[in-house]
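[1] Return atomic coordinates for the entry below.
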Amino acid sequence: MRRKAMRGTIRGQDMTFRTLCLTSVIALSAHAASAEMSFNRIASFATPDNMADGEDRSRVTSAEIIHATEDGNTLVYTDSPLGVIGRIDITDPAQPKPMGNIAMDGEPTAVAISGTTAFVGVNTSESYTDPSGKLVVLDAMSGEIAGECDLGGQPDSVALAPDGSFVTIAIENERDEDAGDGRVPQMPAGYVAILDVTDGMAQCDSLVKADVTGLAEIAPEDPEPEFVDVNGAGEIVVTLQENNHLVVLDRSGEVLSHFSAGAVDLEGIDATDERGALIFNESQQGRKREPDSVQWIDDEHFAIANEGDMDGGSRGFTVFSKDGTTVYESGTDFEKAVIQVGHYPDKRSDAKGAEPEGLEFASFDGTPYLFVMSERGSVVGVYDMTDPAAPVLTQMLPSGIAPEGIIAIPSRNLLATANEEDLVEDGGVRAHVMVYDYAEGAPQYPTLTSEGADELIGWGAISGMVAGDDGMIHAVNDSFYGFQPRIFTIDPSQTPARITAATDITRKGRPAQKLDLEGITTDGEGGFWLASEGRTDRVIPHALYHVDADGEIRDEIGLPAALLENEKRFGFEGITMVDGTLWMAVQREWADDPRDHVKLVNYDPETGEWGAVLYPKAAPEKGWVGLSEITAHGDHVYVIERDNQIGADVVTKKIYRIPLAEMQAAPLGGDLPVVSKEEVRDLVPDLQAWNGYVVDKIEGLAITEAGTAYVSTDNDGVDDSSGETFFWSFDLD
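    Predicted structure coming up:
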């Protein structure tokens, strides 16, 4: 199955024309079934691991632009918060090892490597109006600095000629977004620096400052070069992002061609982030591309990532001939692929959506690939560029949070991404470098997709799940999408599992609000019972909802006073039905619970009676431990018990079971019986198998009549999250 081409209007230079995007995209599941080779993540490396013993690991660190030595055994990345470059030994790419950091005496912005010689752009500016910077040349293995060249301005991107004969640097001299209206022009102007390289050393006295003023229609007096790349003919392409312009230079700095990056009319997008909902019915007309990165595909064509900055961002990528002819425009196709794998960043809807920023181009096993990184979606699109006019999407790769840099190492069949976001100050995951190999076998990601559905289905924040009698899995999303509570129908028989439908939860035909859905179970009559966690400070009630097959709320059950008088924030997480009565797991202790015990609450819809038992959970080593799901199967009730830790701090992510015979609810307000539990499965090894960092929220558990357990994770709506959702199964017996 091929993805439908999308219509879009493309504006370049002084012409406007309507075109049918020629995207030819192989469905991901079909590719998984037929591909002999694919990219899969094999390792991740947390940047704090490069700190020396005794250093303060609580400091913010990052991985931004990344490159590799010629032999492909060492990765080097820039870390601007620490003012260093970090090095990683990937001789064994599945077991990356720290090689330590090297101080740059400034803010490193980019790195390129020839052999083992690294050329690092370093920003030393005192202010926006007095920019300065240098090119530092060092041996990537020993860390010994060979020399420095004054660049006369603030560097951004660095690129080497393929033959290593010269190095070029985008001198951005960036604008101050807080000065006046924050727009260009803001002097001094940027330029492109070019230096000869002899015997592995940049020749400082050969510095050419290529003048690119007077070319762009937008602020021609103040070009802001963003990214540079060099083709096999020694020609330099540079993006002027705020100026929305592209320039091709020769190695002497002479302008060979230049043209506007143009604009795109976007249709069928979500352009509103003031609601928690994925609604793709809006448009943006004449959206400037404002490209960030650029990569030559061959000596005649290059691709740009249309990230946007000052005014624009067209959510995709474009292929140009170096004479300015538009060869291909992705329109909304790339973003739709991001949406289908659950990585769409809804909180960025009114800005630049999926925000493609970084690119890499390389050939693997004779196939030319373009890698397109979504900075906000934290995912990488892999395109077969055999025909530059008709790229074919072959895979979507998971990455860390906010991928900024990427390097392909075809000689070793490897790929690496640098992911800049470090959430240490919020107790979250650290910045990571992630490594992928290109090998025989099917793609391991995504594990869940809405690709192939009759209409575009956006999804995320998957919470509770239940197995239906028809072989389907039904899942709910949580309050991240507070204006769009939904039940998703998942077909687990496909690889990856497919979301085939989404049913809105409604009150009198309108989307229901004030819900935080954390559990779902079938009612035996074609409808569902839903558990809403509740949060009083946000006027979200703790409640049960009975909905019909169309999602309409037919009954709403509030909690009794005996529960609410001891309420705390963390309420129901999961719901299941046993012999016509409902059981709900309370995530954490409420005011009347013994330490490290939580309630399993019982409700009888026929009599209206409530009761509970106590469940003994693990004592946390760090943070907290609670329950996040409950489901009945056979003679037991199964629960997910997890901590709120992530990455290297994870301890508890387990499935336990409780004998149904012990689920004898006692009245609320009195002594409650304590049930016993038996460990069924430690889920940490399962999570480690995807070779990223171990995610926090295992939220869903559905068990079929045959005893197959399906487990899912909650990606928090791609907010302070890599966006990865893992959906997998195993047999209980």
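[2] Could you use CA atoms for every contact and neighbour count after this?
    OK.
[3] which outside residues touch stretch 684-700?
    The contact list for stretch 684-700 (CA atoms under 8 Å, 6 or more residues apart in numbering) reads 41-44, 399-400, 429, 434, 444, 462-465, 475, 518, 628-629, 640, 642-648, 650-654, 710-715.
[4] no no, stretch 117-127
    69, 104-113, 131-140, 153-158, 169, 200.
[5] which of those are buried?
    Buried members of the contacts of stretch 117-127, counted by 16 or more other CA atoms under 10 Å: 69, 104, 106-113, 131-140, 153-158, 169, 200.
[6] burial measure for the closest residue to residue 314 other than its chain neighbours, as a count.
    Nearest residue to residue 314, sequence neighbours excluded (CA to CA, 6 or more residues apart in numbering): residue 289, at 5.0 Å. Neighbour count of residue 289, defined by other CA atoms under 10 Å: 31.
[7] With residue 283 instead?
    As a burial measure, residue 283 scores 14 neighbours (other CA under 10 Å).
[8] A strand includes it, no?
    Yes: per DSSP: H, G, I helix; E, B strand; the rest coil, residue 283 lies within a strand segment.
[9] could you pull out the helices for the protein?
    Along the chain, the stretches classed as helices by DSSP state H are 28-34, 333-340, 561-564, 684-688.
[10] Enumerate the positions of the shortest one that are buried.
    With burial defined by 16+ other CA under 10 Å, the residues of helix 561-564 counted as buried are residue 563.
[11] Need the pLDDT of residue 453.
    Note for residue 453: predicted pLDDT of 96.
[12] quick one: the closest residue to it other than its chain neighbours and residue 494, what's the gap?
    Distances taken as CA to CA, 6+ apart place residue 500 nearest to residue 453, at 5.3 Å, with adjacent residues excluded. Residue 500 is 11 Å from residue 494, where distance means CA to CA, to the nearest Å.
[13] Could you do residue 487 as well?
    In this view, residue 487 and residue 494 are 19 Å apart by CA to CA.
[14] before we move on, what about residue 335?
    Counting by CA to CA, the gap from residue 335 to residue 494 is 23 Å.
[15] Please say which of the two ends up with more neighbours.
    residue 335 (24 against 11).
[16] list the contacts for residue 384?
    367-370, 391-394.
[17] try it again with 10 Å
    Contacts here follow CA atoms under 10 Å, 6 or more residues apart in numbering; on that basis residue 384 touches 24-25, 363, 367-371, 390-395.
[18] Derive a ChimeraX selection command for the buried subset of those residues.
    In ChimeraX, a selection of the buried entries from the contacts of residue 384 looks like this (16+ other CA under 10 Å):
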select :24,25,363,368,369,370,371,390,391,392,393,394,395
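[19] Now, the contacts of residue 384 that are in strands?
    363, 367-371, 392-395 (DSSP state E).
[20] What are the structural domain limits within this protein?
    Domain ranges of the chain: 17-446, 449-453+461-716, per automatic domain parsing.
[21] returning to what we had before: just curious, which of the ones in strands among the contacts of residue 384 is nearest to residue 413?
    Closest to residue 413 out of the ones in strands among the contacts of residue 384 is residue 363 (9.6 Å), distances taken as CA to CA.
[22] The closest residue in space to the closest one that isn't next to it in sequence pairs with what?
    In this structure, residue 363 finds its nearest non-sequential neighbour in residue 369, 5.7 Å apart by CA to CA, 6+ apart. Counting by DSSP bridges, residue 369 is bridged to residue 362, residue 384.
[23] can you check residue 556 too?
    On the basis of DSSP bridges, residue 556 is bridged to residue 545.
[24] Surely residue 240 and residue 291 touch.
    Yes: using CA atoms under 10 Å, residue 240 is in contact with residue 291, at 7.5 Å.
[25] Pick out whichever of those two has more residues nearby.
    Legend: neighbour count by other CA under 10 Å for residue 240 and residue 291, higher for residue 291 (35 against 29).
[26] give me every residue that touches the nearest residue to residue 324 once chain neighbours are set aside.
    Of all residues not flanking residue 324 in the chain, residue 259 sits nearest, at 5.9 Å (CA to CA, 6+ apart). Contact analysis of residue 259 by CA under 10 Å, 6+ apart lists 12-14, 215-217, 244-248, 322-325.
[27] Highest neighbour count among the residues you listed?
    Sorting these by how many neighbours each has (other CA under 10 Å) puts residue 244 first, at 30 neighbours.
[28] Got phi/psi on that residue?
    phi 50, psi 50 (degrees, to the nearest 10).
[29] Could you check the pLDDT of it?
    So residue 244 comes in at 98 (pLDDT).
[30] Return the distance of it relative to residue 301.
    Taking CA to CA, one finds residue 244 at 18 Å from residue 301.
[31] circling back: filter the contacts of stretch 117-127 down to the ones in strands?
    107-113, 133-139, 155-158, 169.
[32] For residue 412, see how far away residue 73 is.
    Between residue 73 and residue 412 the computed distance is 9 Å (CA to CA).
[33] Find the residues that touch each one of the two.
    What both residue 73 and residue 412 touch, as defined by CA under 10 Å, 6+ apart, is the set residue 93.
[34] out of the contacts of stretch 684-700, which are buried?
    Neighbour-count burial (16+ other CA under 10 Å) applied to these gives 41-44, 399-400, 429, 434, 444, 462-465, 475, 518, 628-629, 640, 642-647, 650-654, 710-715.
[35] what is in contact with residue 240 and residue 291 at once?
    Here residue 240 and residue 291 have 226-227, 246, 261 as joint contacts, going by CA under 10 Å, 6+ apart.
[36] so who does residue 432 touch?
    44-49, 61-64, 399-403, 417-422, 692-693.
[37] go on, residue 304?
    227, 238-239, 246, 261, 289-296, 316-320, 329, 356-359, 372.
[38] can you check residue 727 too?
    445-448, 462, 492, 496-497, 698, 700-701, 710-714.
[39] please redo it, this time with the cut-off set to 6 Å
    By CA atoms under 6 Å, 6 or more residues apart in numbering, the residues touching residue 727 are 447, 711-712.
[40] now do residue 641
    626-627, 653-654.
[41] what does residue 132 give?
    By CA under 6 Å, 6+ apart, the neighbours of residue 132 are 124-125, 152-154.
[42] mind running it again at 10 Å?
    Counting by CA under 10 Å, 6+ apart, residue 132 has contacts 122-126, 150-155, 171, 173.
[43] now do residue 246
    Residue 246 touches 212, 215-216, 225, 237-240, 257-262, 290-291, 294, 304, 320, 322, 324, counting by CA under 10 Å, 6+ apart.
[44] just to revisit the earlier point, deepest of the helices of the chain, which one?
    helix 333-340 (a mean of 23; mean count of other CA atoms under 10 Å).
[45] helices or strands up against that one?
    Contacts defined by 3 or more CA pairs under 10 Å, 6 or more residues apart in numbering; DSSP states H and E place helix 333-340 against strand 263-269, strand 317-321, strand 367-374, strand 379-384, strand 392-398, strand 448-449.
[46] Could you export it as PDB, CA atoms only?
    C-alpha atoms of helix 333-340 as PDB (Å, rounded to 0.1, in the frame of the first residue of the first chain):
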ATOM      1  CA  ASP A 333       3.400  14.000   4.500                       C
ATOM      2  CA  PHE A 334       6.300  13.900   7.000                       C
ATOM      3  CA  GLU A 335       4.200  15.300   9.800                       C
ATOM      4  CA  LYS A 336       1.500  12.800   9.000                       C
ATOM      5  CA  ALA A 337       3.900  10.000   9.400                       C
ATOM      6  CA  VAL A 338       4.900  11.500  12.800                       C
ATOM      7  CA  ILE A 339       1.300  11.700  13.700                       C
ATOM      8  CA  GLN A 340       0.600   8.000  12.800                       C
END
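[47] Nothing else from me, thank you.
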